[in-house]
Structure formats: structure tokens, C-alpha cells
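Visitor: Predicted model and sequence follow; I will ask about them next.
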Amino acid sequence: MSERWLFSCSTKIGMKSMSTRLFKKFFLIFSLLSIGFGVHASWLGPDRIIKLQEDNFAIGFRNSKEIRFYSPDFKMTGKASLGAVPTGHVTDSSCEKLFVTLNKPDKIVAIELGSCQIIDESPALPGVCSPVFDKEQKRIYTCNRWKNSISAFDANTLGQIWEVEVVRDPGSAILDEKRGVLYVSNQFTTEPASNEKVHTYISLLNVRNNGEIIKNIKMDSGYNDYKGMALSPDGETVAVVHNLAKFFQGTFQVEWGWMNSSYVTFINTEKQALQYIIPLDDVIRGAASPWSVDWTPDSQKLLVAHAGVHEISVIDLENITERMQFQGNKVSYMDQHDLMRQFRHRVPTGGNGPRQFIQSGSKVLVVNFFTDTLGVINLDLLPKTSNFPFPTKIETQVIELNSDYSLPLEGKGEMFFNDAMLCKQNWQSCIGCHPDARADGFNWDLMNDGIDNLKNTKSLLYSHQTPPAMVTGIRPDAEYAVRSGIRGILFSQVDEDQAKAIDAYLKSLTPEPSPYLVNGELSDKAQVGKEIFNDSKVGCYRCHYGSYYSDQNLHDVGTAVPMDTPHTKWDTPTLIEVWRTAPYLHDGSAATIGDVLTTGNQKQKHGRTEHLSNKELEALAEYVLSL
């Protein structure tokens, strides 16, 4: 941001009074502090892009909380300040309105594209995101992550028509308009992590019948963290990109995708069933964090943005599917090696953290979240053969979206936390097990406390404020754990500057308000639960107290099994945002807080709850889930 721009906002030519000069100096200093050097102004954070009419487009910025509009020659033509974080956008059928979902506060707004002005808004449910427009019904469907539900809104009034519960944490959706079916990805499991297999689901909703659940497609064990979804041009196939967590394997190596790997799953819309699944990684180099996906208009190629390695995959889908040998609906390991290297280009996006992209003729425009840039890739310039295992050599045009760009320390930490280039062979970043710096819901066999004793992933919210770290408390603090994770999970050398930045990012995390709150306050039921929580006969408060609801000590709560030896005591976790971190206990054996209080507390070492009625147990769980 230039001084000339600052002064033009506050002065007129010729004003020479002392008060005006002092005001100009004050305004400049204030602007630089609050805008030039602040997190949200120096780093805008573009993470969403949508194509408009005549190759115009709009970009949503997380940190500056705005939508900017651009012409085909990349000039900004307008801006809409939102006052909340944009979490998705979609146009109506005539491309006259842009509907944007927002968090903090949660709402949906309508922007008139002609004026770039907000013309209507309506409250929405917690965690609202990923809107989808239905041309036939003139409705908008939204994912409500924290409410585990899908809502339908009237596109004319923005009034909610219906809400339907799905499985857990719906993060993306795509509409098969031909059949009136909404496909919804549920990012995390509702099953105990102690099960031998742990599943997530794709929900299918009949939007012509008030969102009635048609079925939940069970995905293979370990599939999680679904991001983008796309419908093929012929409407016959849905594609969804996701991670595969191989939690059943000891974390003693990372090569060949030993812990995490990336896949795209295809669903046949006629049969409403899994069609086939293909890997996105190369055998000796990962393609971590697939974020968005789409077909080219001719259906010949599939495009995938990989946020962890800063590339776009251009996959010759027709050639690959013709030649691949399938074992059931999966591709054989050797076909992954032989065919992906022949018929897939991996193209750098010209920045760090590519999220969403659009297509404009032969060009792909992708927003780079951590560098405030737009990468422009011309598919016509791709060579006939790839540069396996390295990125294809092609010039990517880079458009700066922020002339005042400067990444603050916690922003650098978030970037490193998401960057699989820091990992040996680029297979994973920290979000492989800690999406959004929380928990993936799986048990992992880490090497820091023995072998064959899997422990449930902990959220990293307040990890630095509540030492020790890890379920067993084996790390003295989170700073130690961060550096151990770089060495023992990413299998890389520790760069202290990077580690300090990750520390700063994790310390900056703030909790999402619980969806169990009513207008920001405890419900009547939770108020009853609070009294039970603080009842000396129950005793929850003895270990869960203070600002973080943790005494930061280890306790034997009666859940240890022989395989846990020599560990029998577990770190007291914070209860803040516990509604978001199921399953529970050190081994993830409790699918719900209700299970923690009952079947997970047989020995009555985790507070005394055996005398409580079902109604009291429900009230206690409601209070804990409201924190």
C-alpha cells in the first residue's frame, strides 16, 4: 500500500495546516500498523475462485474477508467487503447474483454482480460452507460443518427451507441436477478409532424430496479429509479427492506413501455406487493434499490442485482408464507407477498452497493461498511427455494479487504446517494427521512410546498452552513435539526458523464456538450439566479446571490395556472444542462423550458417573460439548 494512496484517502491538495499534517502522519502510521503490517492486510489469503460471464472471475480472500472481481486481463473491477470469512461462493443460473457463505458470523449473502454490492443476507448454521446452486428448484444447498447437516435456502428470499442431518463434518458437495441428487463428503468418522477398520461416508440426498437421505456410501477404511468434488461434463460420474490414512502401520518410515497418500474416487451417478479409485501420487514422490478437482470440458483430462506440493495435475484420464488393470475397483500398484508417469503432468502453480482453480479456454487459473498470487497455466503448451518424477517444465504466468504482500510469522507457520515439500519424498504435511490443526479421528502407532500401542490423534488447539504434549505426556511441551514431528513424521532435518513459525501458528489458534450453544450461551440442559460437572460426587472439575479445563497432569482413568505397558496414565486434554474431536480416550474407543461417561468409565476412575440417571448423563455430555 503506497503513501500516495493513504494520503488520497485523508487529505486534499493544498491543505497545509499543522493539524492536517499531524493527521496525515497519524493516519499513515495507523494504516501501516493495522493494514500494512497486520496479518489480515499484508496477507490477503486467496483460497476460492469462481468463473463469471465472459471470462470475468471473482476471488474470495480468507484473511481480508472480501470478494474481489476481475476482468479477463486480470484487472480488479470491483470489491465487496464481507465482514466475515468467505467459505464458498456460487452464482445463480443467470449469473446476476453471487451467493457467498460466511463464517464468524455464520450467514449467507447475495451480491449483485452488476454493482458488486451485498443486496441480501440471512443467518446460517454453524460452519456453513460450500454452497451449491440448483437451477431447477432455485435453491442453494449449503454444508454446515459444525452442525453435521445440509441446508436448503430459497435463492430469492434466502430463507432456509429444510435442514437434513448427515454423518459428520460435511465439507464439500456437488449436485447431479439430472437426477436431483446432492453428493456430500463427510470428512471424518463417527466410529471408534479402536476398530480394526475405520470408515467415512459419502452421503446422497434427494433434493427433490426435502433432502431425504438416499444412501451413505461407505468408503474404504482410512479415507478422510475430502476436499473438492466435481461432476463430469456428461453428468455420469462424480469425482472426489481425498487422503488415505494408513493408520494401521507403524510410523517408522514415510517412503512410498507409508503413512498418508492421495487418491481420487469416482462414483457412477446412474448406479449411485463406487466406480473406481486411482492414486494421485507417483511411487517415489507424493502429491499431497489434493484440494480441488474438475474435468476439462471435453472430458479428456482431469485436473487436480495439490495444495501440499504446489502443483496442478493434468491427467489424461481416457488413456489411463483404458490401460489400467483394476483389482476390484482399485488400480494395481504397478499401474500407478507405469501409467501415471506416462499420462500425467505435474505443473507448478507459481506459488505456495494452490486451492481452487477455474478454466478459461485452454488456460487454468489457480489461486495460491500463501503467496497472494494467481497462477495461469496454458494447457496447450504442455509437452507430449511428462518429466517424471519431476514437475513438467512449462512457464506458469504469475499474477500478483497483493502489492503489499508480507507473510507474518504465524502465517509462515501455517504455510510450513501445510507444506509437504518439507517432507521426505513430499508424501505428507502436518495436516495429514492434523487437518485444520485439529485431529483426524484415527489411532496411530507412533514410535515415541513403543510399538503396537496405537494412540488417538490429539487436536493441537492449546497444545502449547497445556504441557506436556502427546497422549502419554512423553514430550515435555509442544515446542519439543513440533521438532520431534518434523524429524520423526516428516523425516526431515529441523529448520529452527520453520519450527518457531509453526509454534507461532499453533499458539495463534482460536476455538470455534460450539454448535451446542444457544445464541452464544449454554442451553438450559447444559446449565444442568454444568452443575453436575462441578458436583463433588461426580468430580469432573478436579482434573478439568481453569481456563483450558485441564490440570496438565497425567491420570490413570482405567482405560489402559496390556499393550499400553508401561504407560497407564494419560495426559488430561483440554475440553475446549471437544465437540469437534471425536472419538475420545487415549485409544479412541469412545465414539461419543456419552460413551466416555458410561462404557468408557467402567472402573469409575474417570469421574464417578454410575449413580447418574440417563437424563443427567445427557445433560453432563451437553455441557462438555458446549465448551
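Guide: All right, it came through fine. Residues are numbered from 1 along each chain as shown.

Visitor: any low-confidence regions in the chain?
Guide: Scanning the chain with the threshold set as pLDDT under 70 gives 1-41, 327, 329, 331-337.

Visitor: hmm, try it at 80
Guide: 1-41, 324-339 (pLDDT under 80).

Visitor: downstream neighbour of the helix or strand where Leu244 lies in the secondary structure list?
Guide: Using DSSP states H and E, the element containing Leu244 is strand 237-245. Toward the C-terminal end, the helix or strand that comes next after strand 237-245 (DSSP H and E) is strand 260-268.

Visitor: quick one, helices of the stretch 1-150 of the chain?
Guide: 3-10, 18-31, 39-42 (DSSP state H, counting those that start in this stretch).

Visitor: just checking, what packs against the strand holding Leu244?
Guide: strand 170-176, strand 181-186, strand 223-224, strand 229-231, strand 260-268, strand 290-295 (3 or more C-beta pairs under 8 Å, 6 or more residues apart in numbering; DSSP states H and E). No exception for glycine: its C-beta is placed from N, CA and C like everyone else's.

Visitor: Out of those strands, flag the one nearest Asn352.
Guide: Nearest to Asn352 among these is strand 290-295; the distance by C-beta to C-beta comes to 12.6 Å.

Visitor: Who are the packing partners of that closest one?
Guide: strand 229-231, strand 237-245, strand 260-268, strand 301-306, strand 354-360.

Visitor: any chance of those in a markdown table, plus distance to Phe343 and mean neighbour count?
Guide: Formatted as a markdown table, the helices and strands packed on strand 290-295 follow (distance: least, C-beta to C-beta, whole Å; neighbours: other C-beta atoms under 10 Å):
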| stretch | distance to Phe343 | mean neighbour count |
| --- | --- | --- |
| strand 229-231 | 19 | 22 |
| strand 237-245 | 16 | 24 |
| strand 260-268 | 14 | 22 |
| strand 301-306 | 9 | 25 |
| strand 354-360 | 19 | 22 |
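
Visitor: In JSON lines: those, plus distance to Lys605.
Guide: Listed next are those as JSON lines, based on distance: least, C-beta to C-beta, whole Å:
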{"stretch": "strand 229-231", "distance to Lys605": "44"}
{"stretch": "strand 237-245", "distance to Lys605": "30"}
{"stretch": "strand 260-268", "distance to Lys605": "35"}
{"stretch": "strand 301-306", "distance to Lys605": "46"}
{"stretch": "strand 354-360", "distance to Lys605": "45"}
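
Visitor: Nearest to Lys530 among those strands would be which one?
Guide: Closest to Lys530 of the helices and strands packed on strand 290-295 is strand 237-245 (C-beta to C-beta; 35.6 Å).

Visitor: Direction included, what does that closest one pair up with?
Guide: Partner strands for strand 237-245, per DSSP bridges, with pairing direction: strand 223-224 (antiparallel), strand 229-231 (antiparallel), strand 260-268 (antiparallel).

Visitor: So for Gly594, which of the helices and strands packed on strand 237-245 sits nearest?
Guide: Nearest of the helices and strands packed on strand 237-245 (C-beta to C-beta): strand 181-186, 20.2 Å.

Visitor: Can you name every helix or strand that the following helix or strand past that closest one contacts?
Guide: Sequence-wise, the next helix or strand downstream of strand 181-186 (DSSP H and E) is strand 201-206. Strand 201-206 is packed against strand 181-186, strand 212-218, with contacts defined by 3+ C-beta pairs under 8 Å, 6+ apart.

Visitor: any idea of the angle strand 201-206 forms with strand 212-218?
Guide: Angle between the axes of strand 201-206 and strand 212-218 is 160 degrees (criterion: axes from the mean of the first three to the mean of the last three C-alpha atoms, to 10 degrees).

Visitor: Relative to strand 201-206, what are the paired strands and their orientations?
Guide: strand 181-186 (antiparallel), strand 212-218 (antiparallel).

Visitor: In it, which residues are buried?
Guide: Neighbour-count burial for strand 201-206, counted by 16 or more other C-beta atoms under 10 Å, picks out Tyr201, Ile202, Ser203, Leu204, Leu205.

Visitor: Show me which pair in those is furthest apart.
Guide: Tyr201 and Leu205 (12.3 Å).

Visitor: what's the closest of the helices and strands packed on strand 290-295 to Leu506?
Guide: Per C-beta to C-beta, nearest to Leu506 of the helices and strands packed on strand 290-295: strand 260-268, 19.7 Å.

Visitor: centre of the chain versus that closest one, how much separation?
Guide: Remark: strand 260-268 is offset 17 Å from the chain centroid, using C-alpha atoms, centre = their mean, to the nearest Å.

Visitor: Specify the next element, helix or strand, located C-terminal of that strand.
Guide: Sequence-wise, the next helix or strand downstream of strand 260-268 (DSSP H and E) is strand 273-279.

Visitor: what's the first-to-last distance across stretch 549-560?
Guide: This stretch, stretch 549-560, spans 22 Å end to end (C-alpha to C-alpha, to the nearest Å).

Visitor: contacting residues for the nearest residue to Tyr141 once chain neighbours are set aside?
Guide: Nearest residue to Tyr141, sequence neighbours excluded (C-beta to C-beta, 6 or more residues apart in numbering): Val132, at 4.6 Å. Val132 sits next to Val90, Ile140, Tyr141, Thr142, Ala173, Ile174, Leu175, Leu182 when contact means C-beta atoms under 8 Å, 6 or more residues apart in numbering.
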